[in-house]
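Undergrad: Turn this into a structure:
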Amino acid sequence: MKLNKLSPKSREELETHLKSKTPSFYHSSKTSTVIPYDHIESYLEDLGVLEFTMVNLTELPTHMELDGEGNLTIEGPVTWQEAKAYCHSKGRDIMTSPTEELACILAGFATSATGERCFGFGTLRDQVISLEYLNSKAEVHTLSSKNKLPINKELEEYQRSYNSFKDFKNAPFPRMEVETDLLTGTEGQLGVITKAILKTTVLEDRTFIFIKLPKWEENFSKHLEIFSKVQSFRDRIFSCELLDSNSMAVLPEEERIIESGDLIFLEVRSSAFESVYEDLISKFELITDEDMFEVPAAKSHRLRMNVPRFTFERNSRMGVVKKGTDVQVSPEKFPELLEIYKELSTLGIDYNLFGHFGDAHLHFNFLPDQTKVETCQEKLEELYRKVKSIGGSPFAEHGIGLIKQKFIADFLDPLHYVVFDQIKNEHDPENILFPMGFLNLNRSIG
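TA: All right, here's what the predicted structure looks like:
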């Protein structure tokens, strides 16, 4: 298998490569958890790919600009960290972003990355105003979130099937209602995003309240009290996140802020803190003031960012590809999801649990050695069957990529494959854009 690598330094070089019709995957910061960058050649060999090109977009020029209405224009491989710093200097703030701030924003649209603060602001999909992209012929096109997609019989049925997931961050398949949906969540299989305009919000002070809890494996009644009562405070609370005791354990000792038990933290609009305390915090029945403490914003963010980073490093040291979940369920089914994870916690394999607690969207990560990898794989297959049975979404944030493809088939119907084929044939008829992506699961990659 021959793997080529290319790093275009200009728009012209990128266009030239697209015109070469070379099957390629376009990436930026390599922060995706569903693309096995360190093992990509073996993955491609297993798929029967003889030659392929990885195109690194991080050396392209960048540009940022805020207009008078607070909409942010981004061109090139701008990271979330850079965009936040730029917006903050102008008194604005990004609404929703992934925990990993070194990821590039345009790649985030491609995977429909949602991440933190969806609780208060909704998904990135609904914050995009327009996307500019290069198609498989290197032609420039612009998509608007105001324009509906032209509809046919199959797409109409497809959209109806999406309705059961309309309150989720992501369904098992892309939304496909407005033009920008074509490039949001399709993982670069229909074009290369070069420019985006997204909404921002006014920069506000935030207060981070941490709540100490028992380990969820032993008793999650306090956790569920928080989950239930926090739902009606989305206008005042930006995020509600869980870091379990095992998430603390992957961190260096100097980074841990409690010695035992779990943490849930609330990111509260500071101007609304008094009302949140009076209407929510003071009314908790199972939680006392002694269980709560405030942590500075910078330390809170560093803690939240370091847990997935050190989880990834732990797996890398053990020589294993990530074995974790990205599941979201409806609020009514959240206790069932916790019970499913509780079963996984009894296998004698190290693990941790963290994520977007207020959204019923958590990441359970096995931390195995190489002798336990096969067991983890089998248990994940069982888990996704259970997730389907309770109407959950298997990949609510990080996409499908290559690593998760083996789990997606049970969540798709023949109708979805028909629409996948239609949009792939229309936008990439020569199948050169990430040809082994999920849109091609129903046909040979060639």
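
Undergrad: which helix in the chain runs the most residues?
TA: helix 297-318 (DSSP state H).

Undergrad: which parts of that helix are buried?
TA: With burial defined by 16 or more other Cβ atoms under 10 Å, the residues of helix 297-318 counted as buried are 300-301, 303-308, 310-312, 314-315. In short, each C-beta sits where N, CA and C put it, glycine included.

Undergrad: what's the answer for stretch 368-380, then?
TA: Applying 16+ other Cβ under 10 Å to stretch 368-380 flags 368, 372, 373, 376, 379, 380 as buried.

Undergrad: now swap in stretch 282-297 and tell me
TA: 284, 287, 292, 295.

Undergrad: Cross the residues you listed against strands and list the overlap.
TA: Cross-referencing the buried residues of stretch 282-297 against strands under DSSP state E gives 292, 295.

Undergrad: Which one of the buried residues of stretch 282-297 is nearest to residue 179?
TA: Using Cβ to Cβ, residue 295 is the member of these that lies nearest residue 179, at 41.4 Å.

Undergrad: Now do the same contact list for the closest one.
TA: Residue 295 makes contact with 208, 210, 257, 265, 303 under the criterion Cβ atoms under 8 Å, 6 or more residues apart in numbering.

Undergrad: can you do 6 Å?
TA: 208, 210 (Cβ atoms under 6 Å, 6 or more residues apart in numbering).

Undergrad: Over to residue 66?
TA: 72, 90.

Undergrad: who does it bridge with?
TA: Beta bridges link residue 66 to residue 72, judged by DSSP bridges.

Undergrad: Distance-wise, check it relative to residue 201.
TA: Residue 66 is 12 Å from residue 201, where distance means Cβ to Cβ, to the nearest Å.

Undergrad: same check, this time on residue 160
TA: Residue 160 is 32 Å from residue 201, by Cβ to Cβ.

Undergrad: re earlier: which members of the buried residues of stretch 368-380 are the farthest-apart pair?
TA: Within these, 372 and 380 form the most distant pair, 12.1 Å apart (Cβ to Cβ).

Undergrad: Looks to me like residue 141 is in a strand.
TA: Yes. Looking at residue 141 with DSSP: H, G, I helix; E, B strand; the rest coil, it is inside a strand.

Undergrad: Enumerate the positions of stretch 47-66 that are buried.
TA: Neighbour-count burial for stretch 47-66 flags 49, 52, 53, 54, 55, 56, 57, 60, 64, 66 (criterion: 16+ other Cβ under 10 Å).

Undergrad: Pull the number of nearby residues for residue 326.
TA: The number of residues packed near residue 326 is 22, by other Cβ atoms under 10 Å.

Undergrad: quick one, phi psi at the residue lying farthest from the centre of the chain?
TA: No residue in the chain sits farther from the centre than residue 290, which is 33.7 Å out by Cα atoms, centre = their mean. Torsion angles at residue 290 (phi, psi; degrees, to the nearest 10) stand at phi -70, psi -20.

Undergrad: heads up, I number from 114, so please use that
TA: Understood, numbering begins at 114; the last thing we discussed is residue 403.

Undergrad: which ones are touching the residue nearest to residue 347 when sequence neighbours are not counted?
TA: Closest residue in space to residue 347, ignoring its immediate chain neighbours: residue 233 at 5.4 Å, by Cβ to Cβ, 6 or more residues apart in numbering. Neighbouring residues of residue 233 by Cβ under 6 Å, 6+ apart: 347, 350, 351.

Undergrad: right, and the second one touches residue 381 too?
TA: Yes. Taking Cβ atoms under 6 Å as the contact criterion, residue 350 and residue 381 are neighbours in contact, 5.4 Å apart.

Undergrad: circling back to that earlier point, please narrow the contacts of residue 233 to those residing in strands.
TA: For the contacts of residue 233, the ones inside strands are 350, 351, with DSSP E as the criterion.

Undergrad: Quick check: residue 456 vs residue 152, distance?
TA: Where residue 152 is concerned, residue 456 sits at a distance of 29 Å (Cβ to Cβ).

Undergrad: er, residue 196 I mean
TA: Residue 196 is 30 Å from residue 152, by Cβ to Cβ.

Undergrad: Give me the more crowded residue out of those two.
TA: More crowded of residue 196 and residue 152, by other Cβ under 10 Å: residue 196, with 23 against 14.

Undergrad: Just the element for residue 139, please.
TA: Using DSSP states H and E, residue 139 falls within strand 137-140.

Undergrad: For the residue lying closest to residue 211 once chain neighbours are set aside, grab the count of nearby residues.
TA: By the measure of Cβ to Cβ, 6+ apart, the closest residue to residue 211 outside its immediate chain neighbours is residue 228, 3.7 Å from it. When neighbours are defined as other Cβ under 10 Å, residue 228 has 23 of them.

Undergrad: ditto for the one 3 residues further on
TA: Summarising burial for residue 231: neighbours were counted as other Cβ under 10 Å, giving 25.

Undergrad: Tell me who's in contact with it.
TA: 209, 282, 472.

Undergrad: Just the buried ones from the residues you listed, in PyMOL syntax?
TA: Here is the PyMOL command that selects the buried residues among the contacts of residue 231 (16+ other Cβ under 10 Å):
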select buried, resi 209+282+472
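
Undergrad: What is the nearest of the contacts of residue 231 to residue 303?
TA: Closest to residue 303, out of all of the contacts of residue 231 and judged by Cβ to Cβ, is residue 282, at 20.6 Å.

Undergrad: Pretty sure that closest one sits in a helix.
TA: No. Under three-state DSSP, residue 282 falls outside any helix and is assigned coil.

Undergrad: Could you check which of residue 350 and residue 381 is surrounded by more residues?
TA: residue 381 (26 against 23).

Undergrad: For the more buried one, pull up the helix or strand it's in.
TA: strand 375-382.

Undergrad: Convert the C-alpha atoms of that strand to CSV, please.
TA: What follows is strand 375-382, C-alpha atoms only, in CSV (Å, rounded to 0.1, in the frame of the first residue of the first chain):
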residue,chain,number,x,y,z
ASP,A,375,-17.0,12.3,40.9
LEU,A,376,-17.4,15.9,39.9
ILE,A,377,-20.2,17.7,38.0
PHE,A,378,-19.5,21.3,37.1
LEU,A,379,-21.9,24.0,36.0
GLU,A,380,-20.8,26.9,33.8
VAL,A,381,-23.1,29.6,35.0
ARG,A,382,-23.6,33.1,33.5
